[in-house]
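Asker: Sequence and predicted structure, then a few things I'm wondering about:
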Amino acid sequence: MKGSQYLQILLPILLVFLQPGNPLPSPGDKLREFGTIQRVSILTSACDKCGMTRLGRINLKICGGGPEPCCSVTNIGDFNGDGFNEGEIDNYSGNELEGCFNYALSTSDGPSDLSLTVYHEGSDGGQLDWVEVHTNSHSVRCPLGFWLDVFTSIKVACFAV
């Protein structure tokens, strides 16, 4: 392809972005639109006795949005009574996410700005490999891999998937 052919292709694209009201997006602008939470997926570890019954509860706190700084889900596994089986992924959406459904991650510039704290309470412990938070535009994975029992909490870092 000759230089004039490149110019014929690139010039119209550049003109669209350089029109008034259409500035070139900056990296911060792109990431500021991290979306609203639509689904949370949890992978229970595939080790012996890593699953949980109703005697164990998992609560989540997700921070990085607004207008409130954080949202929470209490006893996320109680909705279908058949979650947290060893080696299985459980998906939660809509009203199952309580105040986290449609929570806007408006103050997150990226996955590292998202804060996830997992709380366990109850007599039946378990181990989770990861929690994924899915918005209408992005997904992040927050790895755990720790045994949770009685009253345990852990704050974990997340990365894009």
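Answerer: Perfect, thanks for sending it. Numbering: from 1, shown residues only.

Asker: So residue 77, which state does it fall into?
Answerer: Here residue 77 is recorded as helix under DSSP: H, G, I helix; E, B strand; the rest coil.

Asker: show me the contacts for the closest residue to it other than its chain neighbours.
Answerer: Once flanking residues are discounted, residue 77 sits nearest to residue 83: 4.1 Å by CB to CB, 6 or more residues apart in numbering. No exception for glycine: its C-beta is placed from N, CA and C like everyone else's. By CB atoms under 8 Å, 6 or more residues apart in numbering, residue 83 lies in contact with 42, 44, 76-77, 90.

Asker: and the gap between residue 83 and residue 107?
Answerer: To residue 107, residue 83 is 30 Å away according to CB to CB, to the nearest Å.

Asker: repeat for residue 116
Answerer: As judged by CB to CB, residue 116 and residue 107 stand 14 Å apart.

Asker: Could you check which of these two is surrounded by more residues?
Answerer: residue 116 (23 against 14; other CB atoms under 10 Å).

Asker: what distance separates the one helix or strand the more buried one maps to from the centre of its chain?
Answerer: Using DSSP states H and E, residue 116 sits within strand 115-122. Here the centre of strand 115-122 is set off from its chain's centre by 14 Å, with CA atoms, centre = their mean, to the nearest Å.

Asker: do you know how far residue 131 is from residue 67?
Answerer: Relative to residue 67, residue 131 is positioned 23 Å away (CB to CB).
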